[in-house]
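>>> Below are the sequence and a predicted model; questions follow.
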Amino acid sequence: MKNILLRVVLVFFVFTSSTAVYAQVESNDDLYIDEAGDFYIVEQQLVGEPGQSLVPQGVILGENDVYYIEYGYQVIVKEGMELQVLIEDLLFSNSNVAQEDLEQVFHFDISTTVVETLEYYEHMFSGVDTAQVVDVTVQVSMELPGTYELYQQIVGEQLAFEVYFFAMNVS
């Protein structure tokens, strides 16, 4: 009886320790994607450093004006998966601005860089899994609005957008 109880306790600790290793990978405030169905959405406001103003490309920069605002994310993607990043759902505080106008004025440049490879145990008896740590940079810039009316609608207002992270199986 003592042997059986000891084995049950030992098995319990083995399973909890493998979960702890997996949780450590996930708990770094990073996004962890290990299946094709996984996706994450980050809601973002277009806000620069305090006092900074985003201005259209090519205009003369004033004090505290910038041509782009940059956002950084770190995503962990299981090996064999390819990370995809999309910008969707542009929302503007002035609801009179058409979605097409927003897409013509605001540009999003997305770059990804693999910075590290991790090995971890998702389940104790399944073997070692490998994942890549990917730095994602989203750079938001602005073109000069096509009309003066559009310029008046945009100036001084706020843009919000969503960043979608998901993965596809590499063929």
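Sure, I can see it.

>>> Quick one: low-confidence residue ranges for this protein.
Low-confidence segments of the chain (pLDDT under 70): 1-30, 32, 34-38, 121-126, 171.

>>> For it, just list every one of the strands.
Taking DSSP state E as the test, the strands found in the chain are 31-33, 39-45, 53-54, 65-66, 68-78, 81-92, 106-120, 129-142, 159-169.

>>> May I see the buried residues of the last one?
Spelled out, it's strand 159-169. Residues of strand 159-169 classed as buried under the neighbour-count rule (16 or more other Cβ atoms under 10 Å) are 159, 161, 163, 165-167. Heads up, the C-betas are built off the backbone N, CA and C, glycines and all.

>>> Return the member of those nearest to Gly146.
Sorting the buried residues of strand 159-169 by how near they are to Gly146, with Cβ to Cβ, puts Leu159 at the top with 16.9 Å.

>>> tell me the contacts of the closest one?
With contact set as Cβ atoms under 8 Å, 6 or more residues apart in numbering, Leu159 has these partners: 45-46, 90-93, 102, 106.

>>> can you tell me how far it sits from Thr137?
The gap separating Leu159 from Thr137 is 18 Å, by Cβ to Cβ, to the nearest Å.

>>> now Gly72
With distances defined as Cβ to Cβ, the gap from Gly72 to Thr137 amounts to 5 Å.

>>> More neighbours: the two, which one.
Per other Cβ atoms under 10 Å, whichever of Gly72 and Thr137 has more neighbours is Thr137, with 14 against 9.

>>> residues in contact with the more buried one?
Under the criterion of Cβ under 8 Å, 6+ apart, the contact list for Thr137 reads 70-73, 110-113.

>>> Give the buried subset of the residues you listed as a ChimeraX selection command.
Only the buried entries of the contacts of Thr137 go into this ChimeraX selection, using 16+ other Cβ under 10 Å:
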select :71,73,112
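
>>> Right, I'll call it a day here.
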